[in-house]
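> build me a model:
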Amino acid sequence: MEDYNALVGLWNKSGLPYKPKGRDRRDRIENELKGGSAVFFVALSENELAGSVFGTHDGRKGWINRLVVAPEFQRRGIARMLVDRVEEVLYELGIEIIACLIEDWNSNSMEVFERLEYKRHTDIVYFTKRKNTDV
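I've put the predicted structure just below:
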């Protein structure tokens with residue numbers, strides 16, 4: 001959690017949507033990490049935050065969330081390193097399916113996950129019920 005403020009700066013610099021009143025609130029992330037079903041990794045370059053990823057699981061399926069690499073550090077294998085680390089931890093926990101949800105406007109993330117051998121499923125429709133738009 002000591003990287004939280006730098007992480008928010010990285011999200012903003014990289015154009016990743018930030019929900020400070022909802023899912024990205026400091027206390028929410030901290031509670032997820034304490035709950036034992038989440039991991040959070042950062043990549044540093046000379047003490048500068050170069051990238052991060054948040055991984056979660058529900059006991060049967062793992063999720064890769066909030067993968068981001070600072071623009072000046074992209075195309076150096078950092079995203080692969082971060083995803084590989086989350087996958088390693090989830091596989092060690094017995095999770096055999098790992099997925100991510102990518103908004104339809106985010107073609108860069110789609111390209112990254114395709115290069116990481118994730119398969120696009122066009123036969124799945126995502127439904128959500130939100131308490132409010134900030135979550």
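> pull the residues that contact stretch 76-89.
With contacts defined as CB atoms under 8 Å, 6 or more residues apart in numbering, stretch 76-89 is touched by 39, 41, 43, 50-53, 55, 62, 64, 67, 69, 98, 112, 115-116. To be clear about C-beta, it is placed using only N, CA and C from the backbone, and glycine gets the same treatment.
> which one (most neighbours) among these?
Taking other CB atoms under 10 Å as the neighbour criterion, residue 55 ranks highest of the contacts of stretch 76-89 with 26 neighbours.
> show me what contacts that residue?
Neighbours of residue 55 in contact, by CB under 8 Å, 6+ apart: 38, 39, 40, 41, 62, 63, 64, 65, 86, 89, 90.
> Three-state assignment for the fifth one, please.
Right, residue 62. strand (DSSP: H, G, I helix; E, B strand; the rest coil).
> residue 57 is in contact with residue 63, correct?
Yes: in this structure, residue 63 is within contact of residue 57 by CB atoms under 8 Å, at 6.8 Å.
> low-confidence ranges in the chain?
Within the chain, no stretch has pLDDT under 70.
> now do the strands in it.
38-45, 48-57, 61-69, 97-99 (DSSP state E).
> need these in TSV with distance to residue 79, can you?
Output for the strands of the chain, formatted as TSV (distance: least, CB to CB, whole Å):
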stretch	distance to residue 79
strand 38-45	9
strand 48-57	7
strand 61-69	5
strand 97-99	14
